[in-house]
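the sequence isn't on hand, but the structure is:
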């Protein structure tokens, strides 16, 4: 989808002020509320905007340990293992990947012992051959999209 300069400004506001009303966004941007709503609807329909849920902190929810677990899967069982991962609440993301392993999961845990329990649960899933775990020590760049949005906006102006 082509994102123009107004779309970029809208996305920036959504990221910087997520709890503001559509009416207030329109006022800040100097556009009609209907224009803004049409932009939001289009970006939702085309998958640019994928949700409006609040960002939650696993650490504040009692799960401060973050690990990335690579999972090697028996050939032909990727879908089954992927479906089984959805049943493990400590897995907050899972991706099919290339390279070392077949799946990469982002796992949160209460402590290292809990992380070990989660890994043991993963190892016991049918179709899982082995895992490799990397524990995150400190977040260096938090999840962000604003720099990407701004880069796209600069490109749209050219």
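Perfect, I can see it now. Bear in mind the structure is a predicted one, so any value in this text is a computation, not a measurement.

from here on, just use CA atoms for contacts and neighbour counts.
Will do.

can you tell me the element the residue nearest to the spatial centre of the chain falls in?
When Cα atoms, centre = their mean is applied to the chain, the residue found nearest the centroid is residue 93 (7.3 Å). Using DSSP states H and E, residue 93 maps to strand 91-96.

quickly list what the residue nearest to the centre of the chain is bridged to.
When bridges are called by DSSP bridges, residue 93 pairs up with residue 106.

and the pLDDT at it?
On the pLDDT scale, residue 93 is placed at 97.

list the buried ones in the lowest-mean-pLDDT helix or strand in the chain?
Here the helix or strand of the chain ranked lowest by mean pLDDT, DSSP states H and E is helix 146-157, holding a mean of 84. Buried residues in helix 146-157, counted by 16 or more other Cα atoms under 10 Å: 146, 149, 150, 152, 153.

what about the third one, distance to residue 138?
So the one you mean is residue 150. 26 Å (Cα to Cα, to the nearest Å).

which elements pack onto the least confident helix or strand of the chain?
For helix 146-157, the elements it packs on are helix 5-16, judged by 3 or more Cα pairs under 8 Å, 6 or more residues apart in numbering; DSSP states H and E.

what residues of whichever helix or strand comes after the helix it packs on count as buried?
Using DSSP H and E, the helix or strand that follows helix 5-16 towards the C-terminus is helix 22-29. Within helix 22-29, the residues scored as buried using 16+ other Cα under 10 Å are 25, 26.

and the contacts of the very next helix or strand once past helix 22-29?
As assigned by DSSP H and E, the chain's next helix or strand after helix 22-29 is helix 33-45. Identification of contacts with helix 33-45 by Cα atoms under 8 Å, 6 or more residues apart in numbering yields 7, 10, 22, 23, 25, 26, 27, 49, 50.

relative to helix 22-29, how tilted is helix 33-45?
110 degrees (axes from the mean of the first three to the mean of the last three Cα atoms, to 10 degrees).

with adjacent residues omitted, what lies nearest to residue 105?
residue 94 (4.2 Å; Cα to Cα, 6 or more residues apart in numbering).

now the one you found: how far from residue 81?
11 Å.

what of residue 101?
When residue 101 is compared with residue 81 (using Cα to Cα), they lie 13 Å apart.

overlap in contacts, these two.
Joint contacts of residue 101 and residue 81 (Cα under 8 Å, 6+ apart) are residue 73.

out of the two, which sits in the more crowded spot?
residue 81 (20 against 17; other Cα atoms under 10 Å).
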